[in-house]
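A.B. asks: Got a sequence here, can you model it:
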Amino acid sequence: ARRLKELGLSPVVFDTGKKAVGGRVSSRVLQIEGAGKGGVSVDHSTQFLTATEPRFEQLLSELAKEGAVKAWEGPVGELQAGAFTPMDSKQTRWVGVG
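C.D. replies: Numbering: from 1, shown residues only. Sure, this is the predicted structure:
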């Protein structure tokens with residue numbers, strides 16, 4: 001959509017979410033005992049994204065300046081049989097903000 005706008009067009013992006021962002025970047029509120037009336041918000045789809053192509057990396061950098069994404073600084077790994085194994089990566093892991 002951004003590129004189409006740069007080309008002088010007026011793109012419209014449709015999302016399948018009914019009350020919020022849907023698809024691969026959606027989250028749900030779970031009602032968990034002790035969590036209070038608001039429940040707990042859980043991301044159940046894409047937790048982060050990476051860029052391997054320079055143009056996409058540039059786009060993510062621009063989106064970071066606008067406050068739409070940020071680099072994830074926390075640990076990422078796998079939880080199996082109660083043990084956490086960190087995943088190593090030299091790539092920046094980006095997450096949506098807001």
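
A.B. asks: Residue 53 and residue 60: what is the separation?
C.D. replies: Using CB to CB, to the nearest Å, we find residue 53 at a distance of 10 Å from residue 60. C-beta here means a position set from N, CA and C on the backbone, and glycine is covered the same way.

A.B. asks: what's the residue nearest to residue 5 when sequence neighbours are not counted in contact with, if anything?
C.D. replies: The shortest distance from residue 5 to any non-neighbouring residue, by CB to CB, 6 or more residues apart in numbering, is to residue 11 (6.2 Å). Neighbour list for residue 11: 1, 4-5 [criterion: CB atoms under 8 Å, 6 or more residues apart in numbering].

A.B. asks: before we move on, what about residue 38?
C.D. replies: residue 29.

A.B. asks: so it, which of the three states?
C.D. replies: coil (DSSP: H, G, I helix; E, B strand; the rest coil).

A.B. asks: And for residue 4?
C.D. replies: helix.

A.B. asks: Do you have the strands of the protein handy? List them.
C.D. replies: With DSSP state E as the criterion, the chain has strands at 27-30, 40-43, 69-71, 77-80, 83-86, 94-96.

A.B. asks: could these go into JSON lines alongside distance to residue 49, mean neighbour count and mean pLDDT?
C.D. replies: Listed next are the strands of the chain as JSON lines, based on distance: least, CB to CB, whole Å; neighbours: other CB atoms under 10 Å; pLDDT from 0 to 100:
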{"stretch": "strand 27-30", "distance to residue 49": "15", "mean neighbour count": "13", "mean pLDDT": "74"}
{"stretch": "strand 40-43", "distance to residue 49": "12", "mean neighbour count": "12", "mean pLDDT": "69"}
{"stretch": "strand 69-71", "distance to residue 49": "8", "mean neighbour count": "16", "mean pLDDT": "91"}
{"stretch": "strand 77-80", "distance to residue 49": "17", "mean neighbour count": "9", "mean pLDDT": "81"}
{"stretch": "strand 83-86", "distance to residue 49": "19", "mean neighbour count": "8", "mean pLDDT": "86"}
{"stretch": "strand 94-96", "distance to residue 49": "5", "mean neighbour count": "17", "mean pLDDT": "87"}
